[in-house]
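1. sequence first, then the predicted structure, then my questions.
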Amino acid sequence: MKSVIGLEIHAQLSTKTKAFCSCKNEVNAEPNTNICPVCTGQPGALPVLNDQVVEYAIRGALALKCDIHEISSFDRKNYFYPDLPKGYQITQYFHPIATNGHIVLSNGKRVRIRRIHIEEDAGKMFHSSENITKSTSSLVDLNRCGIPLIEIVTEPDMEKPEEAREFIEKLRNILKTVEINTGNMEEGALRCDANVSVVDENGHSSSRVEVKNINSPRFVQRAIEYEISRISKVMKSGKTVPMETRGWDSVSKSTVSMRSKEAENDYRYFPEPDLPILSVSKERIERIKKSLPELPDEKAKRYERELNIKNENAQLLAKDKEISKYFENAIKIGISPKDASNWIVNEVMALFNADSSEFDSKKIPLTHLKKIVEYTNSSKISRLAAKEIMAEVYKSGKDPDTIVKEKNLLQVSDESSLVPIVKEVISENAKVVEQYRKGKTTVIGFFVGAVMKKTKGKADPKLVGKLAKEILDGEKSDQTD
């Protein structure tokens, strides 16, 4: 079985006002407060295109390596649903603003972007149950009506669910970098529809199934994995896979049938009569292109080339503009690129990931990070103690100096203090000593670990290893004599 995956992503543009009216474009406002006759479709109300929407759409399309069309136009997509009061959605069907882009995945695969078009968002439904099929009532908030979107449609170039997840993650980072989208999928700023079909060993393909409105990269992967498994089972049973639209239920970790899949002609597209042709000059496109910041992939390559950062770390540091800014500022205040890279990737980012929270540089100020690195590099504290200090800084905001004093974390580097402890550990582990005498020198690590445990992580591990070897070798030569 081989899976065929394509994505349609709706990205809300971070403009101050909506696409075709002056209502505020904001998240979490009181329901039905940011509305007017235009976005609620009152008779006689006419749309006026927000020029900032065009600017942002071009920025996004250029960042995704698309061809920008100097001439595009708007159309009406007709359907009836409670969250669409006009009975149609203004979009770009026949002549989109951009086509032929791509994103390159980490495995080298180029996922093509078929088209990017501008459209307006619909409202939002609130159901009495998380599972729409079990809801007994629904409410509608029209604040989201008219919020500007770009819809990004890929070619069906992906075969694995993890490729779809990576595509979404890279897309989100690009849109955040060019500052046209917040990337907050939980709030609906980026919503993904996945189109999935399966081809069997004989080359027969199932019908295409669409999974709607998935709100995290992790759920994109899980939803597609579920659908591939479900479709494959149906095909193996000899039944026909219906062409339908399904929804992802994050509670049951499954998809649920919502409705039969509409064909494009069901939407009765026709040109929007209330908006003129959209004309964009070559000069404007070129100006926007020159204003784009360094994109994540370009930044990662620069980190590898100029700072000698390994590829994996470079990718992680470059993917988010706040993290990359933090990394570059760490170098500016005197932390070496290697230390900054390793500490930020392995320790700083790990704390935020454990909390599933967005990176915030204020949680671990760079001055605090520098102190922790300096303490560790000078062997004043152990790496274990450094992790403890880092976690405490993240939690309480205390200065590393204060934490070191409060917890008495300075390393013991005095040989006269450590020799008795090392000898004690050696005397307690005769079997391990015998292994060392037979040539298994790697057991030195065992003695280091045991001393670290006795000293509660405060001993200098390098010094402990040196002392253990000297004492063991001394005992060995004494026996030989």
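-> Structure's in. What do you need? Values in this document were obtained by computation on a predicted structure and should not be read as measured data.
2. hey, let's count contacts and neighbours off CA atoms from now on
-> Fine.
3. and the chain, what are its domain boundaries?
-> 2-284, 294-407, 415-480 (automatic domain parsing).
4. go through those and pick out the most buried.
-> Ranked by mean neighbour count under mean count of other CA atoms under 10 Å, the domains of the chain are led by domain 2-284, which reaches a mean of 18.
5. quick one: end-to-end distance for that one.
-> 44 Å (CA to CA, to the nearest Å).
6. got the contact list for stretch 430-446?
-> For stretch 430-446, contacts defined as CA atoms under 8 Å, 6 or more residues apart in numbering pick out 426, 465, 468-469, 472, 476.
7. which residues are contacting the helix or strand containing residue 338?
-> Residue 338 is part of helix 337-343 when elements are defined by DSSP states H and E. Contact partners of helix 337-343, identified using CA under 8 Å, 6+ apart, comprise 307-309, 313-314, 317, 327, 330-331, 373.
8. repeat that for 6 Å
-> Outside helix 337-343, the residues within contact range by CA atoms under 6 Å, 6 or more residues apart in numbering are residue 331.
9. ok, then the element right after that helix?
-> Next along from helix 337-343, by DSSP H and E: helix 349-355.
10. mean confidence score for that next one?
-> Here helix 349-355 scores 93 as its mean pLDDT.
11. got it, and stretch 271-289?
-> 97.
12. got it, and stretch 390-404?
-> For stretch 390-404, mean pLDDT rounds to 93.
13. same deal with stretch 2-16?
-> Here stretch 2-16 scores 97 as its mean pLDDT.
14. so the closest residue to residue 66 other than its chain neighbours: helix, strand or coil?
-> Among residues not flanking residue 66 along the chain, residue 101 sits closest, at 3.8 Å (CA to CA, 6 or more residues apart in numbering). Following DSSP: H, G, I helix; E, B strand; the rest coil, we place residue 101 in the strand state.
15. related to what we said a few turns ago, chain center to the helix holding residue 338, what's the gap?
-> On the basis of CA atoms, centre = their mean, to the nearest Å, helix 337-343 sits 21 Å off its chain's mean C-alpha point.
16. how about the CA coordinates for it, as CSV?
-> This file holds the C-alpha atoms of helix 337-343, laid out as CSV (Å, rounded to 0.1, in the frame of the first residue of the first chain):
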residue,chain,number,x,y,z
PRO,A,337,28.8,29.6,19.1
LYS,A,338,29.4,26.0,20.1
ASP,A,339,28.4,26.5,23.7
ALA,A,340,25.4,28.7,22.7
SER,A,341,24.2,26.2,20.3
ASN,A,342,24.5,23.2,22.6
TRP,A,343,23.1,24.9,25.7
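17. how close does residue 126 sit to residue 357?
-> From residue 126 to residue 357 the distance is 25 Å (CA to CA).
18. now the helices for the stretch 301-450 of the chain?
-> 311-318, 321-332, 337-343, 349-355, 366-377, 383-396, 400-407, 415-428, 430-437, 444-454 (DSSP state H, counting those that start in this stretch).
19. out of those, which comes closest to residue 60?
-> Nearest to residue 60, of all the helices of the stretch 301-450 of the chain, is helix 321-332, at 15.6 Å by CA to CA.
20. check the nearest residue to residue 92 once chain neighbours are set aside and give its pLDDT.
-> The shortest distance from residue 92 to any non-neighbouring residue, by CA to CA, 6+ apart, is to residue 74 (4.6 Å). In this model, residue 74 is scored at 98, pLDDT.
21. got a list of what residue 74 touches?
-> For residue 74, the contact set (CA under 6 Å, 6+ apart) comprises 91-92, 272.
22. go on, residue 156?
-> 5-6.
23. wasn't it part of a helix?
-> No. Assignment of residue 156 by three-state DSSP gives coil, placing it outside any helix.
24. gap between residue 342 and residue 247?
-> On the measure of CA to CA, residue 342 and residue 247 end up 40 Å apart.
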